[in-house]
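In: Fold the stuff below for me.
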Amino acid sequence: MKHLFYVYRFIGTSLFWFFFGVIGLIYGFLLLPLVYLVIRRPERRQVIARDMIRGAFVMFVWVARTMRLIRCDITGMEHWDPQRSQLLLANHLTLIDVVILLSLFPQVDCVVKAAVTRNPVLRVSAGTANYISNRAPDELLDFCVGRLDSGSSLLLFPQGTRAIRGEPLAFKLGAAEIALRANATIVPIALDCNPQMLAKRVPWYRIPPSQPHFRISLLPPVAADSLVPEGTDSRRARHELNAALEGLIGAELARREAENRSPLQS
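Out: Below you'll find the predicted structure:
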């Protein structure tokens with residue numbers, strides 16, 4: 001049965017990515033360009049585009065769970081406040097982290113890679129939704145701070161790229177600097193995927209030996225400046241906040257890993 005389920009997951013994964021690609025083409029070449037042409041007000045256009053993208057991501061996650069390609073448990077959603085500006089900071093393990101997280105948070109801002117803005121399909125989607133591109137690194141921090149100051153919530157992956165499960169967290173300083181400059185309320189998000197799927201440099205068809213289990217925990221909100229000792233200079237403050245965020249998320253991931261091991265030890 002285990003081998004049959006593996007074959008089923010391989011076939012199901014192939015069909016899922018075909019479905020993902022078809023929907024992406026429909027959105028990129030038909031639906032979102034239509035929104036761009038018909039809706040003249042940029043603010044209204046952004047809201048509609050983000051609702052449509054989130055709706056597609058909700059559907060993708062539902063299909064993946066229904067087909068038993070993944071398991072997904074989410075806790076701590078009470079810490080998300082759609083009426084406030086919050087900086088959502090998550091560790092990054094798989095290619096579909098962003099799909100799952102954007103399916104959870106309506107109208108949240110996010111940063112997309114410059115390659116997305118060069119892709120003929122994804123460029124229209126990202127542009128219509130007014131997501132932030134990292135193609136101008138010198139301006140990226142200002143753009144992110146500006147969105148938070150305007151009242152939007154922002155989703156970031158401080159690692160910058162996918163990491164290997166179980167390795168120590170190594171966050172870049174950009175997210176900490178954004179948080180301090182915007183005096184942001186941070187919601188740390190600990191994301192675990194066991195076994196890890198769609199890791200960096202792993203093709204989509206190399207599926208893990210068993211059904212991946214995503215466990216996503218939103219931790220209690222915390223003010224950025226509360227994680228930095230009083231009187232710390234701005235340069236040192238980034239490092240202090242960065243280390244504190246690594247500690248918060250790392251501790252939750254370690255707790256999850258201990259839970260995974262405990263049944264085997266008993």
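In: Can you classify Arg84 by secondary structure?
Out: Classification of Arg84 using DSSP: H, G, I helix; E, B strand; the rest coil returns coil.
In: same deal with Ile216?
Out: The local conformation at Ile216, judged by three-state DSSP, is strand.
In: quick one, what contacts it?
Out: Residues near Ile216 by C-beta atoms under 8 Å, 6 or more residues apart in numbering: Cys72, Asp73, Ile74, Thr75, Ile100, Leu101, Leu104, Ile189, Ala190, Leu191, Asp192. Heads up, the C-betas are built off the backbone N, CA and C, glycines and all.
In: ok, the fifth one touching Trp62?
Out: So that's Ile100. No: counting by C-beta atoms under 8 Å, Ile100 stays clear of Trp62, with 11.0 Å between them.
In: Give me the more crowded residue out of the two.
Out: Each of Ile100 and Trp62 has its neighbours counted (other C-beta atoms under 10 Å); Ile100 has more, 22 against 12.
In: Please give me every residue in contact with the closest residue to that one other than its chain neighbours.
Out: Spatially, and ignoring its direct neighbours in sequence, Ile100 is nearest to Val61 (5.7 Å; C-beta to C-beta, 6 or more residues apart in numbering). Going by C-beta under 8 Å, 6+ apart, Val61 touches Cys72, Val99, Ile100, Ser103.
In: now with 10 Å?
Out: By C-beta atoms under 10 Å, 6 or more residues apart in numbering, the residues touching Val61 are Ile70, Cys72, Ile96, Val99, Ile100, Leu102, Ser103, Leu104, Phe214.
In: Out of the contacts of Ile216, who's the most crowded?
Out: Ile189 leads the contacts of Ile216 on contacts (other C-beta under 10 Å) with 25 neighbours.
In: Now the phi/psi pair for it, please.
Out: Main-chain torsions, Ile189, degrees, to the nearest 10: phi -130, psi 120.
In: Show me the beta-bridge partners of it.
Out: Using DSSP bridges, the bridge partners assigned to Ile189 are Ala90, Leu218.
In: Can you tell me how far the residue nearest to Ile100 is from Leu173?
Out: The gap separating Val61 from Leu173 is 31 Å, by C-beta to C-beta, to the nearest Å.
In: Quick one, grab the pLDDT at Leu264.
Out: Leu264 is assigned 51 on the pLDDT scale.
In: do Val202 as well
Out: pLDDT at Val202 comes out at 88.
In: pretty sure it is in contact with Pro208, am I right?
Out: Yes: applying C-beta atoms under 10 Å as the test, Val202 and Pro208 come out as touching, 9.3 Å apart.
In: shared neighbours of those two, anything?
Out: Shared contacts of Val202 and Pro208, defined by C-beta under 10 Å, 6+ apart, comprise Gln196.
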